[in-house]
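> here you go, sequence then predicted model.
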Amino acid sequence: MNKSLHQFSMHQDDRVLRHERRLLTLLGFVSLGLVGGALYLQFFHNEDPCPLCIIQRYFFVLVAVFAFLGAGFSNWRGIALLETLVAISALGGLATAARHVYVQANPGFSCEFDALQPVVDGLPPARWLPQVFKVAGLCETPYPPILGLSLPQWSLVAFAIIFIFVLLSLRTKRKRRATVR
């Protein structure tokens, strides 16, 4: 009886692990999709990215990279480590998006374009893919809202959802490990 219970527990654990890996893969694709949406607005609607937009793109790419790496792990410890990095990236994106929302809500309050632009444009990806990671706009430029929210507001919502989702996942794993011990 004890052996069959152990096998059931292992099978259940494998199933949960596969589910977690699929969710991380989905999270990676969603993050890249959000960057793709920003690129669509940039190239087809002439919504030039500001320094804060570009920084948010970097955080979405980091979320995607860490999520895909986490999905490649086959153990809980590796997945938890990468999910922690996803959460940190989402938190950075959340702070950047909140700053961008603040700048747009307070016209005349600059995002310090002159100070941020050389830093953002000096990062290697801006040289490798200037169409994607090069600053071309101002942070306070209001573009038409999408379903009632500005792009920085949508970014804020997305980063908040990612952060909460990953935080809950990490908490669930911690509780699960505690009950197994």
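Here it is on my side, so go on.
> state the distance from Leu156 to Val61.
With distances taken as Cβ to Cβ, to the nearest Å, Leu156 is found 17 Å from Val61. Just so you know, the C-beta spots here come from the backbone N, C-alpha and C atoms, and that holds for glycine as well.
> out of those two, which sits in the busier spot?
Leu156 (22 against 19; other Cβ atoms under 10 Å).
> how near is the more buried one to Pro107?
From Leu156 across to Pro107, the span is 18 Å (Cβ to Cβ).
> what about Pro142, is that helix, strand or coil?
Secondary structure for Pro142, judged by DSSP: H, G, I helix; E, B strand; the rest coil, is coil.
> what are the phi and psi values for it?
Backbone dihedrals for Pro142, given as degrees, to the nearest 10, come out at phi -90, psi 120.
> that one contacts Val103, correct?
No - applying Cβ atoms under 8 Å as the test, Pro142 and Val103 come out as separate, 10.5 Å apart.
> the two - which one has more neighbours?
Val103 (22 against 11).
> can you pull the pLDDT of that one?
If you check Val103, the pLDDT there is 89.
> with Lys173 instead?
Per-residue pLDDT puts Lys173 at 69.
> ok, now the one 4 residues further on?
For Arg177, the model assigns a pLDDT of 56.
> packing partners for the lowest-mean-pLDDT helix or strand in the chain?
Least confident helix or strand of the chain, by mean pLDDT, DSSP states H and E, is helix 113-121 with a mean of 74. Applying 3 or more Cβ pairs under 8 Å, 6 or more residues apart in numbering; DSSP states H and E, we find helix 113-121 packed against helix 51-72.
> may I have the helix it packs on exported as CSV, CA atoms only?
Only the C-alpha atoms of helix 51-72 are listed here, as CSV (Å, rounded to 0.1, in the frame of the first residue of the first chain):
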residue,chain,number,x,y,z
PRO,A,51,12.8,55.5,-23.0
LEU,A,52,10.3,54.0,-20.5
CYS,A,53,8.6,52.1,-23.3
ILE,A,54,11.9,50.5,-24.3
ILE,A,55,12.7,49.7,-20.7
GLN,A,56,9.3,47.9,-20.4
ARG,A,57,10.1,46.0,-23.6
TYR,A,58,13.4,44.8,-22.0
PHE,A,59,11.5,43.6,-18.9
PHE,A,60,8.9,41.7,-21.0
VAL,A,61,11.8,40.1,-22.9
LEU,A,62,13.4,39.2,-19.6
VAL,A,63,10.1,37.7,-18.3
ALA,A,64,9.9,35.6,-21.5
VAL,A,65,13.5,34.4,-21.4
PHE,A,66,13.3,33.4,-17.7
ALA,A,67,9.9,31.7,-18.3
PHE,A,68,11.2,29.7,-21.3
LEU,A,69,14.3,28.7,-19.3
GLY,A,70,12.1,27.7,-16.4
ALA,A,71,9.9,25.6,-18.6
GLY,A,72,13.1,23.7,-19.7
